[in-house]
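*Asks:* Sequence and predicted model, in that order:
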Amino acid sequence: MVRRAEFEGELGAMFTGLIAYVATPMNADGEVRSETLGRHLDRLAASGIAAVGLLGSTGSYMFLGAAERRRAVSAAAEAIGGRARLVVGAGALRTDEAAAAARDAARAGADGLLLAAVSYTPLRALEVEAHVTDVAQATDLPLCLYDNPAATRFAYTPELAGRLSALPTVTGIKLIAEDRDRIGAQLASYRRALPEAFAIGFAGDANSPAGLAMGADAWHSILAGFAPDYAQALWSAARSGDEDVLARLHGRGAPLWDLLREWGGLRVAHAAMELETREDWPPQRPLQPMSPDAQDALSAALERLRD
């Protein structure tokens, strides 16, 4: 039996802090390389990260069948050993498959769930509401809504999130910080619509620290999955309100922010893991690795973070 993270308090606190989203190492046949994943997550948990995000968009959940998802969650839970919370993506095209993924994740050792409203046909609000309700009722694990309109072509509203917060296990939301100038208004609109204990976090590494400085509860970070020390330094500066340190640290990451915008987080995360571990972490086809020039630029950007 794998040991889950010890957790007390409001369920929404499951989705607070710095949550590190990791790429999933797979072979050419789409099989999870569980030993490689376990080694990386052992190091990540030892870094003091609050939570690990597994099988999110960066974790290529869309490329994995049920058996490989179970393999990934079991390997992650075993490697982390309760030293950090384990938040597992349960996204799927069909509601029954998403509910099954949620149950599998719970049995394999997940501490919480992340759910995107993914669909080939853009969903309507009532469809998303029914989808989330069914998946949330599949387990007793806390569940975080994932608002990712660029990938799902569905955008949450504060009103919809507010209705879903009535479900006892829906206790967090992951928003995309696309526009730094709108983060404050975005955060305020969700605060008004949601219960006090509901966790509101941001993804989008270039802008998320600004959201933390404005009072967000979580940073859902791709960066933290391969550069946890730098991400934790940003987190600390943002939470302490030290604007000078935050600006200096954020500026150090400028080349990386550019690469994330150009190549997308999934490709960057896989390339970064190859650089960090000296092992192969190719993305699954049809995705292709970053170009050699971009990989050189990424290597230089990561070295800059260590200065």
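*Replies:* That came in fine, so what should we check first?
*Asks:* quick check: mean pLDDT across stretch 162-170?
*Replies:* Stretch 162-170 carries an average pLDDT of 97.
*Asks:* correct me, but residue 224 touches residue 50?
*Replies:* No. With contact defined as C-beta atoms under 8 Å, residue 224 does not reach residue 50; the gap is 9.2 Å. Any C-beta I mention is one placed from the backbone N, CA and C, and that applies to glycine too.
*Asks:* Return every residue with contacts to both of those two.
*Replies:* 18, 19 (C-beta atoms under 8 Å, 6 or more residues apart in numbering).
*Asks:* In terms of packing, which of those two has more residues around it?
*Replies:* Shown here are residue 224 and residue 50; by other C-beta atoms under 10 Å, residue 224 has more neighbours (28 against 18).
*Asks:* Within the helices and strands, which one has the more buried one?
*Replies:* Assigned by DSSP states H and E, residue 224 falls within helix 223-226.
*Asks:* All the strands of the protein, residue numbers only.
*Replies:* 17-21, 51-54, 85-89, 112-116, 143-146, 170-176, 199-203, 218-221 (DSSP state E).
*Asks:* out of those, nearest to residue 102?
*Replies:* strand 112-116 (5.4 Å; C-beta to C-beta).
*Asks:* how far out from the middle of the chain is that closest one?
*Replies:* 9 Å (C-alpha atoms, centre = their mean, to the nearest Å).
*Asks:* can you count the residues close to the closest residue to residue 272 other than its chain neighbours?
*Replies:* Spatially, and ignoring its direct neighbours in sequence, residue 272 is nearest to residue 226 (4.1 Å; C-beta to C-beta, 6 or more residues apart in numbering). Residue 226 has 28 neighbours, counted by other C-beta under 10 Å.
*Asks:* And for residue 298?
*Replies:* 22.
*Asks:* Same question for residue 254.
*Replies:* Using other C-beta under 10 Å, residue 254 has 12 other residues around it.
*Asks:* Kindly report the same for residue 307.
*Replies:* By other C-beta under 10 Å, neighbour count at residue 307 equals 5.
*Asks:* how about it, what does it touch?
*Replies:* residue 252.
*Asks:* for the residue nearest to residue 34 when sequence neighbours are not counted, what are its contacts?
*Replies:* Taking C-beta to C-beta, 6+ apart, and ignoring the residues beside it in sequence, residue 34 has residue 75 as its nearest neighbour in space, at 3.7 Å. Shown in contact with residue 75 (C-beta under 8 Å, 6+ apart): 32, 34, 35, 37, 38, 41.
*Asks:* Same check on residue 229?
*Replies:* For residue 229, the contact set (C-beta under 8 Å, 6+ apart) comprises residue 47.
*Asks:* Also residue 178?
*Replies:* Contacts for residue 178 (C-beta under 8 Å, 6+ apart) come out as 204, 207.
*Asks:* Which one, of the strands of the chain, ends up nearest to residue 64?
*Replies:* Among the strands of the chain, strand 85-89 sits nearest to residue 64 (C-beta to C-beta), with 9.8 Å.
*Asks:* picking up where we left off before, what would the contacts of residue 75 look like in CSV with pLDDT?
*Replies:* Converted to CSV, these look like this (pLDDT from 0 to 100):
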residue, pLDDT
32, 96
34, 95
35, 95
37, 96
38, 96
41, 97
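*Asks:* Can you say which two of those residues are spatially most distant?
*Replies:* Largest separation among those by C-beta to C-beta: 32 and 41, giving 12.2 Å.
*Asks:* picking that back up, would you confirm that the residue nearest to residue 272 contacts residue 265?
*Replies:* No. Using C-beta under 8 Å, residue 226 is not in contact with residue 265, being 10.4 Å away.
*Asks:* what's near enough to touch residue 282?
*Replies:* By C-beta under 8 Å, 6+ apart, the contact list for residue 282 reads 28, 270, 274, 289.
*Asks:* Now restrict these to buried residues only.
*Replies:* Neighbour counting by 16 or more other C-beta atoms under 10 Å classes 270, 274, 289 among the contacts of residue 282 as buried.
*Asks:* for the residues you listed, which one is nearest residue 154?
*Replies:* Using C-beta to C-beta, the buried ones among the contacts of residue 282 come closest to residue 154 at residue 270, 26.0 Å.
*Asks:* Tell me how far the closest one lies from residue 203.
*Replies:* 17 Å (C-beta to C-beta, to the nearest Å).
*Asks:* Could you do residue 29 as well?
*Replies:* Counting by C-beta to C-beta, the gap from residue 29 to residue 203 is 30 Å.
*Asks:* ok, those two, which is more surrounded?
*Replies:* Set residue 29 next to residue 203 and count neighbours by other C-beta under 10 Å: residue 203 wins out with 27 against 7.
*Asks:* partners of the more buried one in the sheet?
*Replies:* Following DSSP bridges, residue 203 is listed with bridge partners residue 176.
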